[in-house]
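Novice: Mind folding the following:
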Amino acid sequence: MKRFATAALAALTLAVPAFAADPVEGTWKTEVDDGHYAYIAIKPCGAQICGTIAKAFDAKGPVQSDNIGKPIVWDMVPQGGGAYKNGKIWQPSTGKVYNSKMTLSGNTLTVKGCVGPICKGQTWSRVQ
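Specialist: Prediction:
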């Protein structure tokens with residue numbers, strides 16, 4: 001019985017990191033694009049990281065948008081050390097989807113969408 005309890009405790013201890021929140025989880029404010037910006041809710045979707053548009057804004061404040069609730073980042077694979085790659089990102093102002101990667105540094109998330117070697121990006125800030 002003592003061996004079983006020790007084995008169970010060891011298994012639980014090893015499993016805890018699998019349930020730990022990814023540091024990128026949370027709400028992020030995008031840069032202004034075509035006069036609008038958004039709050040993006042980032043969370044796990046299986047083994048990857050995904051983000052959906054939680055709120056939309058213009059210069060006057062919150063706005064109603066058909067884009068609220070739509071995925072904007074998906075299939076992002078955590079690489080460790082704040083790096084994410086092999087994902088996709090949707091640019092609402094153009095309707096285009098790009099191959100994407102992200103880099104997390106504290107409360108700053110650099111998001112890049114790429115076509116071949118050419119990338120453009122934004123720096124998102126964590127919403128407290």
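
Novice: ok, Lys55 touching Gly61?
Specialist: No: taking contacts as CB atoms under 8 Å, Lys55 lies outside contact range of Gly61: 10.2 Å. Where C-beta positions appear, they are placed from N, C-alpha and C, glycine not excepted.

Novice: Tell me the buried residues in the helix or strand hosting Asn86?
Specialist: Using DSSP states H and E, Asn86 falls within strand 83-91. Buried residues in strand 83-91, defined by neighbour count with 16 or more other CB atoms under 10 Å: Tyr84, Gly87, Lys88, Ile89, Trp90.

Novice: so the fourth one makes contact with Ser100?
Specialist: What it means is Ile89. Yes: counting by CB under 8 Å, Ile89 does reach Ser100; the two are 3.8 Å apart.

Novice: list residues touching both of these two?
Specialist: Common contacts of Ile89 and Ser100, defined by CB atoms under 8 Å, 6 or more residues apart in numbering, comprise Val73, Val111, Gly113.

Novice: Dig out what the first one forms beta bridges with.
Specialist: Under the criterion DSSP bridges, Val73 forms beta bridges with Gly51, Ile89.
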